[in-house]
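Participant: need a structure here:
(one chain, ligands or ions: 1)
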Amino acid sequence: MKVELIDISKRFGPVQANDAVSLEIGEGEVLALLGENGAGKSTLMKVLYGYYRADSGQVLLGGREVDIASPRDAMALGIGMVFQQFSVIPALTVLDNLLLAYPDAPLWHGRGNTAKVLRLLAEFAPGVAPQRLVSELSVGQRQQVELVKVLNLDARLIILDEPTSVLAPEEVQRLHAVVRKLADTGRSVVFITHKLEDVRACAHRVAVMRAGKLVAQADARGMDAAKLVTLMVGDASLKPVAQTAPPASAVARISLRNLRCSTESLSLEGIDLDIAPGEVLGVAGVSGNGQDLLADAATGMVNLQEGDVLLDGEVLHSRDTRQPHDARQGYIPEYPLKNAVAAEMRNSLNLALRGLLRLPLFPRWAKLDARADALMERYDVRPRQSGLASGRLSGGNLQKLVIARELSEPRQFIVACYPTMGLDLHATQAVYDELFRQAAAGAAILWISEDLDDLLRYAHRIAVLYHGRIAGVLTAGEADRVRLGHLMTHGEAA
Ligand SMILES: Nc1ncnc2c1ncn2[C@@H]1O[C@H](COP(=O)(O)OP(=O)(O)OP(=O)(O)O)[C@@H](O)[C@H]1O
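Facilitator: Reported below is the predicted structural model:
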């Protein structure tokens, strides 16, 4: 289905999120939509999906103008979108989720479609058993179910919003294959991404946005990496990240001693890790193996059932005490909106959140705003509005806001859980620079990442998390993709 967006504009208050954008997506084409954080990619696609109403502009499907007033309209016209936040219901089986996904259909209509759902599952999510509960699936499998849900509604254009940012390496390859297959079967795909490998693996064409405008379009096939990077970051060149020297001292700055804690679905057991001052300890693992729980446990965000976290030999968190707001510790959690910022609160307050209890009864707002302005400038959070509710920031800019709060003060212990998720290349580099600058000043860093290449490049040691336990710890010299991959999937060394 050929889709044409013509002169689409959309404004949110003072922010011109889309500024007369015209873009075409051909039948059977995979278009990679690139651009820095806050460039307007999600907004443009949400206009196409009927989630937002454009202020002006037209949408043509197969040459005919259409009015898309809601996602329901979009779906009826064959447009589907897979968001970063999934909409499948964890307590239901895969099959029930898919059968219930008809907005207007009575249940018996859905039931009648079982054969079709099963066929689509077999074709596009072959490893996912229809009778399994969604709560038991990995992130990658849930995403496959989301995609089948969209296909089951006969989508001819599928919009994927940064789908690989949440996936483990092998799941990324599976998704790339699925995207190629969608295109081979005549469907069109818009793939929002910041990742070079996504473009190279499956895009036919790239379109680049900057500050609400479409600034470049090019054929993706045969394009070399250097040209792609230039397209993605604009004229400014990327400086290489300065690597930190290995730690000079073997004495631990932070010690996780025999940590045990659990949630409904997962337990962490016997976590023992020491991190020296200046050391960057990476944590690899297939997502869903306890990464976010480890981060929460190490920072005192959850109750420990056993064990201690020691900072320079003193108890920071234990069964009896938790000090999640200790100023010596910084935390970049996996989901900023869940446990790092209050969506409805203004940026200046979210930036002051760590000292909230110390704020006077009548805070001097001008002072808070001035501090927020300075931090937002330094960490390039856009738009630079200290009074904007943080929930209104784009995904990448929200992440930058959390990083500004957590890394702008000197810390001795930092837990960074997927800190560059959703960030463009410039912002990714800036985060690594900040993190490693803190390490160089003596902080111990626990860095959880899904990006094996980055872990191999920058971590001094890499621990592998498997089913809530540490399956092994490799030094930078010992670690390679094969060894890590084996530990990640088998829980033991080859
Ligand atoms: N609902 C909203 N209310 C106010 N401003 C918004 C809203 N949604 C988006 N914006 C603003 O519009 C601009 C474009 O945001 P958008 O989410 O489209 O960017 P993006 O290119 O998808 O960024 P990222 O790569 O960080 O996800 C940003 O400045 C953002 O703050």
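
Participant: can you list contacts of the helix or strand containing residue 209?
Facilitator: Using DSSP states H and E, the element containing residue 209 is strand 205-210. Counting by Cβ atoms under 8 Å, 6 or more residues apart in numbering, strand 205-210 makes contact with 21, 23, 29-36, 39-41, 44, 199, 214-220, 223, 228, 231-232, 234, all of which sit outside it. For every residue, glycine as well, the C-beta is placed using N, CA and C.

Participant: strands paired with it, and their directions?
Facilitator: strand 30-35 (parallel), strand 213-219 (antiparallel) (DSSP bridges).

Participant: quick one, strands of the stretch 201-350 of the chain?
Facilitator: 205-210, 213-219, 254-262, 267-275, 280-284, 306-311, 314-317, 329-332 (DSSP state E, counting those that start in this stretch).

Participant: Same list (these) but as JSON lines, adding distance to residue 472, mean pLDDT and mean neighbour count.
Facilitator: JSON lines is the format used below for those (distance: least, Cβ to Cβ, whole Å; pLDDT from 0 to 100; neighbours: other Cβ atoms under 10 Å):
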{"stretch": "strand 205-210", "distance to residue 472": "39", "mean pLDDT": "94", "mean neighbour count": "22"}
{"stretch": "strand 213-219", "distance to residue 472": "43", "mean pLDDT": "93", "mean neighbour count": "15"}
{"stretch": "strand 254-262", "distance to residue 472": "16", "mean pLDDT": "97", "mean neighbour count": "20"}
{"stretch": "strand 267-275", "distance to residue 472": "12", "mean pLDDT": "96", "mean neighbour count": "19"}
{"stretch": "strand 280-284", "distance to residue 472": "10", "mean pLDDT": "96", "mean neighbour count": "27"}
{"stretch": "strand 306-311", "distance to residue 472": "19", "mean pLDDT": "97", "mean neighbour count": "20"}
{"stretch": "strand 314-317", "distance to residue 472": "25", "mean pLDDT": "96", "mean neighbour count": "18"}
{"stretch": "strand 329-332", "distance to residue 472": "25", "mean pLDDT": "96", "mean neighbour count": "26"}
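
Participant: Of all the ones you listed, which one comes closest to the ligand?
Facilitator: strand 205-210 (6.3 Å; Cβ to the nearest ligand atom).

Participant: chain center to that closest one: distance?
Facilitator: In terms of Cα atoms, centre = their mean, to the nearest Å, the centre of strand 205-210 is set 20 Å apart from its chain centre.

Participant: Only alpha carbons, please: show it as CSV.
Facilitator: The C-alpha trace of strand 205-210 is given here as CSV (Å, rounded to 0.1, in the frame of the first residue of the first chain):
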residue,chain,number,x,y,z
ARG,A,205,15.4,3.7,2.1
VAL,A,206,16.2,6.1,4.9
ALA,A,207,14.5,9.4,5.9
VAL,A,208,16.0,11.7,8.4
MET,A,209,14.2,14.2,10.6
ARG,A,210,15.7,17.1,12.5
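
Participant: what sits against residue 154?
Facilitator: residue 78.

Participant: low-scoring stretches of this structure, by residue?
Facilitator: For the chain, the stretches flagged by pLDDT under 70 are 102-112, 234-238, 357.

Participant: For the ligand, what's the nearest residue on the chain?
Facilitator: Closest point on the chain to the ligand, by Cβ to the nearest ligand atom, is residue 396, at 2.8 Å.

Participant: wait, what's in contact with the residue lying closest to that residue once chain neighbours are set aside?
Facilitator: Of all residues not flanking residue 396 in the chain, residue 37 sits nearest, at 2.8 Å (Cβ to Cβ, 6 or more residues apart in numbering). When contacts are counted by Cβ under 8 Å, 6+ apart, residue 37 touches 382, 394, 395, 396, 397, 399, 400, 422, 423, 424, 427.
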